[in-house]
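Engineer: With the input below, show me the fold.
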Amino acid sequence: MKFSVRVQLSFMMFLEFFIWGAWFVTLGTFVLKSLQNTNDTQVGMAFLTQSIGAIIAPFIVGLIADRFFAAQLILGVIHIAGAILLWVASSTVDFSTFYPVLLVYMILFMPTLALVNSVSFRQMKDPSKEFPTIRVFGTAGWIIAGLTIGWLGWEKSGSLEMTFKMAAGASALLGLFSFTLPSTPPVKRDTKVSVSEILGLDAIRLLKNRSYLLFFVSSIAICIPLAFYYNFTNPYLNEIGMTAAAGKQSMGQMSELLFMLLMPLFFVRLGVKKMLGLGMLAWVIRYALFAYGNVDANYWMLIGGIVLHGICYDFFFVTGQIYTDNLAGEKFKSAAQGMVTLATYGVGMLIGSIISGPIVEAFKTADGGHDWQSIWLIPAGIALVVLLLFLLLFKEKKAVSH
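Structural biologist: Numbering: from 1, shown residues only. Next up is the predicted model:
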């Protein structure tokens with residue numbers, strides 16, 4: 001890969017995840033503190049927009065990136081439109097106005113997670129070695145976003161609407177920059193077009209591989225408890241008195257950055273099954289640490305739970321993306337990445353967002369706080385069951401029947 005292309009892809013990843021991290025980490029706190037008359041169930045509803053977008057993503061990606069339009073062009077159009085929506089979201093004052101804006105934005109944004117992967121993979125000869133060194137800049141973008149929020153004190157001052165304005169500026173920049181990215185035209189040139197091809201459903205053939213099918217189902221199941229982390233960690237840390245919580249949460253992405261750089265080594269030594277299993281085990285431990293942590297003697301547990309994010313994310317999500325790319329045929333790489341997005345951020349997080357809000361609301365205490373220990377032990381238990389079933393049933397295979 002040319003150095004100039006590497007720089008372009010790295011900057012693309014940086015902005016992609018800076019945009020997401022700029023507002024997503026503090027979304028729960030924004031809903032509860034910045035909007036009028038809201039509750040924990042509405043926090044779950046806000047995060048549910050991510051899942052709706054992720055479920056629609058494979059159809060959009062399968063249509064535009066694998067068939068009709070160059071991936072980098074549609075990436076630019078989406079992010080320019082996204083910048084406008086993020087700016088509008090920053091000025092809303094109640095949930096009924098905020099929610100539809102966020103929903104439209106996430107339907108547009110979630111497909112871009114697959115598109116940036118598609119643009120990157122198409123420039124690489126060996127994604128298992130080259131992709132982590134590019135993707136690590138996305139992690140850096142998320143870190144910088146979190147540290148900026150903590151440094152500017154937007155949580156403490158109640159100015160979280162600024163997170164959406166910051167994200168809007170970055171989205172406009174990425175939109176314009178996308179038009180300069182390496183051309184990633186559609187691979188398919190067939191004259192006959194089936195409905196399944198147009199909708200990106202050809203990637204479903206990967207599920208004929210029993211091992212991949214189990215990975216797909218496990219991806220859905222493990223993201224149910226993941227929703228608890230994304231939706232309620234920031235409100236939890238702010239409620240129990242952690243200062244600059246968003247900034248502290250960026251330590252999770254710092255850990256992610258470290259493990260991303262080490263992934264090529266781990267991938268060769270451990271293989272897909274052990275890496276996926278370690279990622280799920282880290283989630284079990286993380287939730288247990290949150291359950292028993294506090295801002296006093298057990299402060300280290302809170303930090304430990306945050307730092308484990310590197311293993312949680314890299315060993316499962318990034319490994320899964322590489323595993324999928326290795327199995328997918330050349331014509332279906334974009335659609336296959338979209339299908340992974342559907343399983344994880346889509347169906348799994350959808351279920352998690354639906355159940356997490358009411359569960360957290362149910363454990364509300366008389367003083368307006370929450371019984372966080374009981375809350376965090378629930379996702380810990382779910383993750384443990386998924387881990388055990390995965391270790392018992394998954395068998396790593398190298399090829400898929402087409």
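
Engineer: Only C-alpha atoms from now on, for both contacts and neighbour counts.
Structural biologist: Noted.

Engineer: centroid residue for the protein?
Structural biologist: Central residue of the chain (Cα atoms, centre = their mean): Tyr345, 6.3 Å from the mean position.

Engineer: Which pLDDT value goes with that one?
Structural biologist: Here the pLDDT value assigned to Tyr345 is 79.

Engineer: Pull the contacting residues for it.
Structural biologist: For Tyr345, the residues meeting the contact criterion (Cα atoms under 8 Å, 6 or more residues apart in numbering) are Gln50, Ser51, Ala54, Ile55, Cys223.

Engineer: tell me the secondary structure for Val295?
Structural biologist: coil (DSSP: H, G, I helix; E, B strand; the rest coil).

Engineer: can you pick the most crowded of the contacts of Tyr345?
Structural biologist: For the contacts of Tyr345, neighbours were counted using other Cα atoms under 10 Å, and Ala54 has the most, 32 neighbours in all.

Engineer: What's the mean pLDDT across the helix or strand that one falls within?
Structural biologist: Using DSSP states H and E, Ala54 maps to helix 40-63. Here helix 40-63 scores 81 as its mean pLDDT.

Engineer: burial count for the closest residue to Lys129 other than its chain neighbours?
Structural biologist: Distances taken as Cα to Cα, 6 or more residues apart in numbering place Pro264 nearest to Lys129, at 5.4 Å, with adjacent residues excluded. Here the number of neighbours of Pro264 (other Cα under 10 Å) works out to 17.

Engineer: who touches Pro264 in this structure?
Structural biologist: Taking Cα under 8 Å, 6+ apart as the criterion, Pro264 is in contact with Ser128, Lys129, Pro132.

Engineer: can we see that at 10 Å?
Structural biologist: Shown in contact with Pro264 (Cα atoms under 10 Å, 6 or more residues apart in numbering): Pro127, Ser128, Lys129, Glu130, Phe131, Pro132, Thr133.

Engineer: Distance of the third one relative to Asn326?
Structural biologist: Per Cα to Cα, to the nearest Å, Lys129 is found 12 Å from Asn326.

Engineer: which residues of the stretch 51-200 of the chain fall in helices?
Structural biologist: Applying DSSP state H, counting those that start in this stretch to the stretch 51-200 of the chain gives helices spanning 71-90, 95-121, 127-152, 154-157, 161-178, 195-198.

Engineer: what about this structure, any weak spots by pLDDT?
Structural biologist: By pLDDT under 70, the weakly predicted segments of the chain are 58-67, 187-202, 329-334, 338, 396-402.

Engineer: Kindly tell me how buried Gln36 is, as a neighbour count.
Structural biologist: Taking other Cα under 10 Å as the criterion, the count of residues near Gln36 is 13.

Engineer: how near is it to Pro235?
Structural biologist: Between Gln36 and Pro235 the distance is 16 Å, computed by Cα to Cα.

Engineer: cool, Leu173 as well?
Structural biologist: Separation of Leu173 from Pro235 (Cα to Cα): 30 Å.

Engineer: neighbour count winner among the two?
Structural biologist: More crowded of Leu173 and Pro235, by other Cα under 10 Å: Pro235, with 22 against 17.

Engineer: element containing the more buried one, please.
Structural biologist: Under the assignment here (DSSP H and E), Pro235 is part of helix 210-239.

Engineer: what comes up buried for that helix?
Structural biologist: Across helix 210-239, burial judged by 16 or more other Cα atoms under 10 Å covers 210-238.

Engineer: where's that helix relative to the chain centroid, distance-wise?
Structural biologist: Centre-to-centre, helix 210-239 and its host chain are 10 Å apart (Cα atoms, centre = their mean, to the nearest Å).

Engineer: Thanks a lot, catch you later.
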